[in-house]
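In: Here is a sequence together with a model predicted from it:
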Amino acid sequence: MEAVTTMEALESLIERSKEQTVVLFKHSTRCPISAHADEEMVKVAEDFEPQGIAIGRILVVENRDVSLACTDMLGIKHESPQVIVLRDGEPAWNESHHAIRYDKLESVLGQ
């Protein structure tokens, strides 16, 4: 899972989603719900990155500007934690809070 700490990194991942599926994970280091979602996302990364799916993590407190830009660029209301699956440069699926689970992402990414 790659850290998305700059606007350039965010733009690069959105552009890459035109060639491969990209998952953006907005994570708050101050939230216990987000900590659980992070554990789920580590498992997702272990299984799906080797299959060619790029996964980026945005720390919403530490990289607030990137997190806000993600909201603006993709047109999806900010939530934290939040997962956004991108295909062809556009959001294809998103979920937040307790709904961020390995089994849900497995079904979406397996399509």
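Out: Everything's here; your move.
In: The closest residue to Gly75 other than its chain neighbours and Lys43: what is the separation?
Out: Among residues not flanking Gly75 along the chain, Pro91 sits closest, at 7.5 Å (CB to CB, 6 or more residues apart in numbering). For the C-beta atoms, the positions are set from N, CA and C on the backbone; glycine is no exception. In this view, Pro91 and Lys43 are 22 Å apart by CB to CB, to the nearest Å.
In: What of Asp103?
Out: 10 Å.
In: What of Leu13?
Out: From Leu13 to Lys43 the distance is 20 Å (CB to CB).
In: Now the residue sitting nearest the centre point of the chain: which helix or strand?
Out: Nearest to the geometric centre of the chain sits Leu24, at 1.7 Å (CA atoms, centre = their mean). Per DSSP states H and E: Leu24 is located in strand 22-27.
In: which residues are contacting that strand?
Out: 1, 4, 10, 13-14, 16, 34, 37-38, 41, 44, 48, 53-60, 67, 70, 78-87, 100, 105, 109 (CB atoms under 8 Å, 6 or more residues apart in numbering).
In: Just the buried ones from those, in ChimeraX syntax?
Out: Listed next is the ChimeraX selection for buried residues among those, using 16 or more other CB atoms under 10 Å:
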select :1,4,10,13,14,34,37,38,41,44,48,53,54,55,56,57,58,59,60,67,70,79,80,81,82,83,84,85,86,100,105,109
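In: returning to what we had before: quick one: which of Asp103 and Lys43 has more around it?
Out: Lys43 (13 against 8; other CB atoms under 10 Å).
In: The more buried one is in contact with Arg101, isn't it?
Out: No. Using CB atoms under 8 Å, Lys43 is not in contact with Arg101; the gap is 9.7 Å.
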